[in-house]
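A.B. asks: Have a look; sequence and predicted model below, questions after that.
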Amino acid sequence: MQDVCARAKQKQVEIPYFTANISSSIAYTARCFKAGFAAVKKAPDKILTIAYESLVKDPEKESKNMCKFIGLEWHSQMITPKEKKHLGEKAITTNSDEIWYDVKTYYQDPHDNNIEKWKKRLSPIQQVRITRAFKGYEELRAFGYDFSLDSLPRIRRILVTGFVLFLEFGRKMYTRSISLSFRIARKIPR
């Protein structure tokens, strides 16, 4: 999402609100997860959940599962999208000012090069915030997602987590003090 934000800024086009910063990206992703997992609980026979990592590691197996689920015949072309023009390409590239994908990126075959990219590109503070936001999602854990901070050195993990907790506490206290100030101000006679 940070890449989308950066491309939108570079092209001087409207930045999608959920890519503007890490807080809005976390909130948007959490809403999507909650809605998706609620839908699965409500209609499990109508929804097939696929982990991104599974799809890019074994696109043939996962695309066959998808085809079976929706009742379509599977074709090997499904795992080599770069070899075939797609109807939606213009809408996702040209019409969106290429903030989501450029034509080259759009026509890539599945690969697992980017699975761990987020851990390398995000700051330790961002990693801690994401981990804290999603560690309670049992559904994600069932798909093998690990929301631990084991990739950070122990002392750094402790310091950064403490700093994030301090920021979260400060934000809550600030919000409460503003709310209290408004309540007090309303009671002061004019």
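C.D. replies: Looks like it came in fine. The shown structure was predicted, so the numbers you read here are calculated from the model rather than taken from an experiment.
A.B. asks: Can you show me the strands along the chain?
C.D. replies: With DSSP state E, there are no strands along the chain.
A.B. asks: most centrally placed residue in it?
C.D. replies: Here the mean C-alpha position of the chain is nearest to the C-alpha of T29 (Cα atoms, centre = their mean), at a distance of 5.0 Å.
A.B. asks: need the contact list for it.
C.D. replies: Shown in contact with T29 (Cβ atoms under 8 Å, 6 or more residues apart in numbering): 18, 134. For every residue, glycine as well, the C-beta is placed using N, CA and C.
A.B. asks: What pLDDT does the model give it?
C.D. replies: Listed pLDDT for T29 reads 93.
A.B. asks: Check Q126 too.
C.D. replies: pLDDT, Q126: 83.
A.B. asks: so who does the closest residue to it other than its chain neighbours touch?
C.D. replies: Nearest residue to Q126 in three dimensions, chain neighbours excluded: I22, at 5.1 Å (Cβ to Cβ, 6 or more residues apart in numbering). The neighbours of I22, taking Cβ under 8 Å, 6+ apart as the test, are 2, 122, 126, 129-130.
A.B. asks: Among the residues you listed, name the buried ones.
C.D. replies: Neighbour counting by 16 or more other Cβ atoms under 10 Å classes 126, 129-130 among the contacts of I22 as buried.
A.B. asks: Can you get me the start-to-end distance on stretch 106-123?
C.D. replies: This stretch, stretch 106-123, spans 27 Å end to end (Cα to Cα, to the nearest Å).
A.B. asks: wait, stretch 66-76
C.D. replies: In stretch 66-76, first residue to last residue: 13 Å (Cα to Cα).
A.B. asks: repeat for stretch 91-99
C.D. replies: Across stretch 91-99, first to last residue, Cα to Cα, it's 11 Å.
A.B. asks: just stretch 86-106 next, same as before
C.D. replies: 9 Å.
A.B. asks: quick one: the helices in the chain?
C.D. replies: Ranges of helices in the chain, per DSSP state H, are 2-11, 22-42, 52-57, 59-70, 89-92, 103-106, 117-121, 124-134, 138-142, 154-187.
A.B. asks: So I99 is in contact with A8, correct?
C.D. replies: Yes: under the criterion of Cβ atoms under 8 Å, I99 makes contact with A8 at 4.6 Å.
A.B. asks: one step back: could you dump the helices of the chain into JSON lines with distance to S76 added?
C.D. replies: Output for the helices of the chain, formatted as JSON lines (distance: least, Cβ to Cβ, whole Å):
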{"stretch": "helix 2-11", "distance to S76": "30"}
{"stretch": "helix 22-42", "distance to S76": "29"}
{"stretch": "helix 52-57", "distance to S76": "16"}
{"stretch": "helix 59-70", "distance to S76": "8"}
{"stretch": "helix 89-92", "distance to S76": "20"}
{"stretch": "helix 103-106", "distance to S76": "20"}
{"stretch": "helix 117-121", "distance to S76": "28"}
{"stretch": "helix 124-134", "distance to S76": "35"}
{"stretch": "helix 138-142", "distance to S76": "30"}
{"stretch": "helix 154-187", "distance to S76": "44"}
